[in-house]
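Student: Starting from these lines, generate the structure:
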Amino acid sequence: MKNKCIKSDLTNTALWNYFKDGYVKSGKKIPIDRQTYTKVISEFNAEVNRQMVHEGRFFKIPYSLGIVGVVKRRIDLTKKDSIKFLRMDFGEFNRTGIRTLHINEHTDGCYFQFKWFKGDNAVARLYKYAPAFHLKRDLVATILSKKVIFREYIGKEIYIK
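Tutor: Model (predicted):
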């Protein structure tokens, strides 16, 4: 089955054109210029990302598209479902030639990820959330500082721990 996700990213230019076209079609004057619009969008995204990574909060996406945030999953090595999330430890493989799994001892055996809970919205299934590289690096630094308590993910429910 082919992946039916939209392949292109929405850039600030695409968002500006959509915003501008809405005003042009209605015959209204555009209230702000492109630089101001870009600055507002960038600052909004930065604040949402900061709250997700540094405060462990979730962001509810408008139009019932779901919620997105950082979740923590505890790894239970006795369950087959937990093992599939582990990655291969290439450092150990390069040293010894033996394939082993990376158990995440530095995070007390937990696996963290950005997760988009889409719910039952059919439109949301067409999209994919792929966080930028700097967000992943920022998340790693936050996890290692142990200053934020992230929500634990068990199945389809989110529990605060």
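Student: Asp138 is in what secondary structure piece?
Tutor: helix 133-145 (DSSP states H and E).
Student: Keeping just the C-alphas, turn that helix into CSV.
Tutor: What follows is helix 133-145 as a C-alpha-only set of coordinates in CSV (Å, rounded to 0.1, in the frame of the first residue of the first chain):
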residue,chain,number,x,y,z
PHE,A,133,16.1,18.6,13.5
HIS,A,134,16.7,21.5,16.0
LEU,A,135,13.5,20.4,17.9
LYS,A,136,14.8,16.9,18.3
ARG,A,137,18.2,18.2,19.6
ASP,A,138,16.3,20.6,22.0
LEU,A,139,14.2,17.7,23.2
VAL,A,140,17.3,15.6,23.9
ALA,A,141,18.9,18.4,26.0
THR,A,142,15.6,18.9,27.9
ILE,A,143,15.3,15.1,28.7
LEU,A,144,18.9,14.9,29.9
SER,A,145,18.4,18.0,32.1
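Student: List the buried residues of it.
Tutor: Going by neighbour count (16 or more other CB atoms under 10 Å), the buried part of helix 133-145 is 135, 138-139, 142-143. Just so you know, the C-beta spots here come from the backbone N, C-alpha and C atoms, and that holds for glycine as well.
Student: Also stretch 23-41?
Tutor: Within stretch 23-41, judged by 16+ other CB under 10 Å, the buried ones are Tyr37.
Student: go on, stretch 38-56?
Tutor: For stretch 38-56, by 16+ other CB under 10 Å, it's 49, 52-54, 56.
Student: Give me the pLDDT for the residue of the chain positioned farthest from its centre.
Tutor: Most distant residue from the mean C-alpha position of the chain: Gly27, 37.3 Å away (CA atoms, centre = their mean). Listed pLDDT for Gly27 reads 85.
Student: What are the phi and psi values at it?
Tutor: Backbone torsions for Gly27, taken as degrees, to the nearest 10, come to phi 80, psi 10.
Student: what's the answer for Phe150, then?
Tutor: Here is the backbone geometry of Phe150 (degrees, to the nearest 10): phi -90, psi 160.
Student: Number of residues surrounding it?
Tutor: Number of residues near Phe150 (other CB atoms under 10 Å) recorded here: 23.
Student: could the buried residues of helix 133-145 go into TSV alongside distance to Pro62 and pLDDT?
Tutor: Shown next, in TSV, are the buried residues of helix 133-145 (distance: CB to CB, whole Å; pLDDT from 0 to 100):
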residue	distance to Pro62	pLDDT
Leu135	20	87
Asp138	24	89
Leu139	24	88
Thr142	26	88
Ile143	29	85
